[in-house]
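>>> Generate a structure from the sequence data that follows.
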Amino acid sequence: MTIQEKIRQALQGKEVPFDKAIRSLNIRSKELEPYIKQPQGRLEYGRNVIYRNQEVEVIVVYLPPFAKTLVHDHGFSKGEVHVVQGSLLNLIYNKDLSVNKIESYQAEEFFHVEGDTIHLMFNPTPFEVISFHVYSPPLAHNQTYPAEGRG
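Numbers count the residues shown, from 1 in each chain. Predicted coordinates:
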């Protein structure tokens, strides 16, 4: 069974809560290897949409050592993030782009993001980080914020 088939099967049952469906996938880094993209352009990280339909969008994010994402939100989407490999910091910002909170996540941990959550993910280690993201509805109207908000 392909990873896309696993995703489709886990998410088709509306009776299963979204976060439980994501956790039931039991994703491993070996499964995601073919979907890892290297950073391109101005991005320090790789990002690959591996599944999308009208209800959900699934993304694999690759953070090389000491890399970080842009400061961003998720528009109107809610998401569940599974840290599949490595350790990352999730910096959550206030609306004025001051840092509100820093959360730490290890491999096999999950965290939730709301559409209005402004954050960045940072890999503070010399090891690679792979994370698996599921958003509903698919990302739209999301935005990035100025680099000075990266403090």
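>>> Centroid-nearest residue for this protein?
In the chain, the residue lying closest to the centroid (C-alpha atoms, centre = their mean) is H133, at 3.8 Å.
>>> my guess is it contacts V81, does it?
Yes: using C-beta atoms under 8 Å, H133 makes contact with V81 at a distance of 5.2 Å. Any C-beta I mention is one placed from the backbone N, CA and C, and that applies to glycine too.
>>> joint contacts of the two?
Here H133 and V81 have no joint contacts, going by C-beta atoms under 8 Å, 6 or more residues apart in numbering.
>>> returning to what we had before: can you pull up the bridge partners for the residue nearest to the centre of the chain?
I59, V81 (DSSP bridges).
>>> which residues sit in contact with it?
Contacts of H133 by C-beta under 8 Å, 6+ apart are V58, I59, V60, V61, G79, E80, V81, H82.
>>> residues near the second one, how many?
It refers to I59. Around I59 there are 20 other residues, counting by other C-beta atoms under 10 Å.
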